[in-house]
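Starting from these lines, generate the structure:
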Amino acid sequence: MTEDYHLVHSDSFHIITESSCDIITTAIKRYTTSRLFVEDCSKLNPAFKGKFFIPHRLDHSADPKNRGLLQNVTLKTLTADCPRWPQMDSLVEKYSIVVDEHGATITGQTVWGAIRGLETFSQLLVHTGRGEWALNFVKVDDFPRFGHRGLLIDSARHFLPMDSIIATLDAMEMNKMNVLHWHIVDDQSFPFESKSYPDLAKKGAFEPISHVYTEADVTKVLEEARNRGIRVLSEFDTPGHTLSWGKSQKDILTECYGQDGKPNGVWGELLKFNFVCTMLILSLISLGPINPTHDAVYPFLQKLFAEIAQRFPDQYLHLGGDEVNFDCWASNPEIKQFMTAHRMGTDYGHLETYYIQKLMDIVAGLNKSYIVWQEVFDNNGTLKEDTVVHVWLPWGANAGDSWKAEMEKVVGRGFHAILSSPWYVDIISYGHDWTRYYEVEPMAFNATEEAKKLVLGGEACLWGEYINGANVIGRAW
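Presented below is the predicted three-dimensional model:
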C-alpha cells in the first residue's frame, strides 16, 4: 500500500462486471446498496446497532497524493463457472486487488474468490466526510490458510429467529468465514420441520408454529449463505442429545433403570433432591440416548436422513456422537443382554461404535460424507477412512494446550480434523476473551507436515444455553 490515493464519491461509484453469475450480480447489489459506503451499522443489518468510527475529515484540495476521482472498480473471475452450491473441494477463495493510477480491479480465481475480494475492497475504503471516501493505491494477493472456517450456532437450546441467522451470515461474510455449522436440534427442542416425520417438530419444538424452521426457512438460509460463499453444515446429533425426538418417536430412545430394577432410575436418582423439578420433567427423565438395539431405529434414521440429505446440499453431514449417557445404556436390561450376545463386554463405547457405523452406512448410501465429534474417535471404533473428526475436548477456558494431543492422535491415524476446543465464544470470562482466541495456533502440535495437511480448519462454537435472538450477534462478534 502507498500513500497515493483516489477519492471515491458514494453517489457516483459503480462496480463493473462481465459475469452473469447470480452470485456475482447479487453480491454487487448487496455491496452497492449496503456495504461499500456505510456510516451507520444498522444499514448493514438492523441487528447491528451503533456506528462505525468516522476518521477525521481530510482536506484534499491541494494534496499531491490525491490522484483523482475513482468512479468504478472492475470485478472479474478467472473461471466462468457459476456453482449451484459451495462445497469443501470447490470453494476456492483466492483473489487479487489492484488499485493504481489506472483504476481498480478485483480478480477472483472463482466467484467465491471474487466476493472475498469485494469484501476486502469494502474494508479498504476510508470515510473522510461529505459522502466522500479515500482509497489508497494497493496490491493484494490473498487466499485462505484453511478451507474450513466455521461458526456453530445452536437453535435448539433457544430458538434463533430467522433475522438473527441472516445477520449472522452477514457478519460471517465480513469476516470471511465460510461454514455455518447449524446445530439445529437437541434434547431441548426439535425445531426442524420434517416432511417425513412432521410430529418431530409438532411435538418436539418449543412451539409448533412460531418456533420451527419450515422448508421455506431452510431454503432461505441456504440461499442467503450461498450468496455469501458460505456452506451450511447441518448437525442432527445422535445417539445422545435426542430427548426431543422421543416426544414423537417413543420406540427409539433407551429407557433408563435404577438400582431397584425399575424404569426412571438413573435420571431420577440425579434429580431426587428436587421433587418439584422431578415431577415437572418426569416424562423425559426416564429416557436416555437412542437405543441401538431396537429394530425400529434404523428404518427411522434411513428415512429421516434421506430427507436431511436432500434438504441440505452440502457434501458433509455432521452426525454428532458426543456426550452419550452410557449410564442409561448400562442400566437397561435389554441392552445388557444385547451386549452379552454380541460379546461387547461392558464397554459401552463398543455399542456407540456399533450404532455410529450403522448410521455412517446409511449416510454413505445417500452419497454424503460425515463429520463426528471426537468421542466417536476416542472410543476406538472402526471409522471409515473419509471420516472427519471434530475436536472439542477440553473446551473453552479449560482447553489450555490439551487439545494438541488429541489433534496429534487424529491426524496420526490418518483422519481429517476440525478444531473447536479453544474457541467456545459462548463462554464469558472476565477480561478480554478475544485476545485468547486470536493467540491460538491450530498447527502447534507434534505431527509431520504431511499429517498436518489433514487439518481442514476450525470452528468457533456459540452454544445456545444462554444465547437467543437478543444477544447472539453481540456475543459472537
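
okay, CA-based contacts and neighbour counts for the rest of this
Fine.

Could you measure from Ser244 over to Ala341?
Ser244 sits 30 Å away from Ala341, going by CA to CA, to the nearest Å.

Any idea how far stretch 157-177 is from the middle of the chain?
In terms of CA atoms, centre = their mean, to the nearest Å, the centre of stretch 157-177 is found 10 Å from the chain centre.

What residues sit buried inside that stretch?
Neighbour-count burial for stretch 157-177 flags 157-161, 164-174, 176-177 (criterion: 16 or more other CA atoms under 10 Å).

coming back round to it: Ser244 and Ala341: which is more packed in?
A side-by-side neighbour count of Ser244 and Ala341, using other CA atoms under 10 Å, places Ser244 first with 23 against 10.

Quick check, the more buried one in contact with Phe190.
Yes: with contact defined as CA atoms under 8 Å, Ser244 reaches Phe190; the gap is 5.8 Å.

what is in contact with those two at once?
Residues within reach of Ser244 and of Phe190 at once, by CA atoms under 8 Å, 6 or more residues apart in numbering, are 200, 204-205.

which of these lies closest to Leu383?
Nearest to Leu383 out of the shared contacts of Ser244 and Phe190 is Leu200 (CA to CA; 29.2 Å).

element containing the spatially closest residue to Phe146 that is not a sequence neighbour?
Closest residue to Phe146 apart from its sequence neighbours, by CA to CA, 6 or more residues apart in numbering: Gly457 at 5.0 Å. Gly457 belongs to strand 455-462 when assigned by DSSP states H and E.

and if you look at Tyr370?
With DSSP H and E as the criterion, the answer for Tyr370 is strand 369-373.

got the contact list for that strand?
Here strand 369-373 makes contact (CA under 8 Å, 6+ apart) with 315-322, 360, 363, 386-392.

helix or strand right after it?
helix 374-378.

What pairs with the helix or strand just after that following helix, parallel or antiparallel?
On the C-terminal side of helix 374-378, the closest following helix or strand by DSSP H and E is strand 388-391. Using DSSP bridges, the strands paired with strand 388-391 are strand 369-373 (parallel), strand 416-419 (parallel).

For Val218, pull up the helix or strand it's in.
Under the criterion of DSSP H and E, Val218 resides in helix 215-227.

Do I have it right that Gly204 meets Lys250?
No: taking contacts as CA under 8 Å, Gly204 lies outside contact range of Lys250: 11.9 Å.

Same drill for those two, tell me which one is more crowded.
Counted by other CA under 10 Å, Gly204 and Lys250 do not tie: Gly204 has more neighbours, with 28 against 10.

what sits against the more buried one?
For Gly204, the contact set (CA under 8 Å, 6+ apart) comprises 189-191, 244-245, 247-248.

Could you check how many residues crowd around Ser19?
Neighbour count of Ser19, defined by other CA under 10 Å: 17.

State the phi and psi torsions of the residue nearest to it when sequence neighbours are not counted.
Spatial nearest neighbour of Ser19, excluding adjacent residues (CA to CA, 6+ apart): Lys76 at 6.9 Å. Main-chain torsions, Lys76, degrees, to the nearest 10: phi -140, psi 160.

And the helices in the stretch 251-400 of the chain?
Remark: helices assigned in the stretch 251-400 of the chain by DSSP state H, counting those that start in this stretch are 265-271, 275-280, 282-285, 297-311, 326-331, 333-341, 348-365, 374-378.

Select, out of those helices, the one closest to Leu152.
Judged by CA to CA, the one of these that comes nearest to Leu152 is helix 374-378, at 15.8 Å.

just to revisit the earlier point, so can I have a markdown table of the strands paired with strand 388-391 showing mean neighbour count and distance to Tyr5?
Shown next, in a markdown table, are these (neighbours: other CA atoms under 10 Å; distance: least, CA to CA, whole Å):
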| stretch | mean neighbour count | distance to Tyr5 |
| --- | --- | --- |
| strand 369-373 | 21 | 47 |
| strand 416-419 | 26 | 40 |
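
want to throw the ones you listed into a markdown table with distance to Tyr437?
A markdown table is the format used below for those (distance: least, CA to CA, whole Å):
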| stretch | distance to Tyr437 |
| --- | --- |
| strand 369-373 | 21 |
| strand 416-419 | 12 |
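
give me the low-pLDDT residue ranges for the chain?
By pLDDT under 70, the low-scoring segments of the chain are 39-62, 265-285, 396-399.

okay, the strand holding Tyr370 in CSV with CA atoms only?
Presented in CSV, the C-alpha positions along strand 369-373 are these (Å, rounded to 0.1, in the frame of the first residue of the first chain):
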residue,chain,number,x,y,z
SER,A,369,-19.7,-37.6,3.8
TYR,A,370,-19.7,-37.1,7.5
ILE,A,371,-18.2,-35.3,10.5
VAL,A,372,-18.3,-36.7,14.1
TRP,A,373,-17.4,-35.3,17.5
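
mind starting the numbering at 769 from now?
Will do, 769 is the new start, and the previous item becomes strand 1137-1141.

Compute the inter-axis angle for it and helix 1116-1133.
If you take axes from the mean of the first three to the mean of the last three CA atoms, to 10 degrees, strand 1137-1141 sits at 160 degrees to helix 1116-1133.

Tell me how far strand 1137-1141 lies from the chain's centre.
Computed by CA atoms, centre = their mean, the chain-centroid distance of strand 1137-1141 equals 13 Å.

before we move on, what about stretch 912-932?
Relative to the centre of its chain, stretch 912-932 is centred 4 Å away, using CA atoms, centre = their mean.

Stretch 1065-1074 too?
Relative to the centre of its chain, stretch 1065-1074 is centred 24 Å away, using CA atoms, centre = their mean.

number of nearby residues for Gln1027?
Gln1027 has 10 neighbours, counted by other CA under 10 Å.

distance of it from Asp1019?
The gap separating Gln1027 from Asp1019 is 23 Å, by CA to CA.

buried residues in stretch 1100-1120?
Within stretch 1100-1120, the residues scored as buried using 16+ other CA under 10 Å are 1100, 1103-1104, 1107, 1116-1120.

Then stretch 1153-1162?
1155-1162.

for these, which one is nearest Ile1241?
Trp1160 (22.3 Å).

tell me which residues form a beta bridge with the residue nearest to Asn834 when sequence neighbours are not counted?
The spatial neighbour of Asn834 that comes closest, neighbours along the chain excluded (CA to CA, 6+ apart), is Tyr773 at 5.4 Å. Going by DSSP bridges, Tyr773 is paired in beta bridges with Asn834, Asn904.

which residues touch Tyr773?
Under the criterion of CA under 8 Å, 6+ apart, the neighbours of Tyr773 are 833-836, 902-905.

Of the residues you listed, which is the most crowded?
Of all these, the most densely surrounded is Leu903 (24 neighbours; neighbours counted as other CA under 10 Å).
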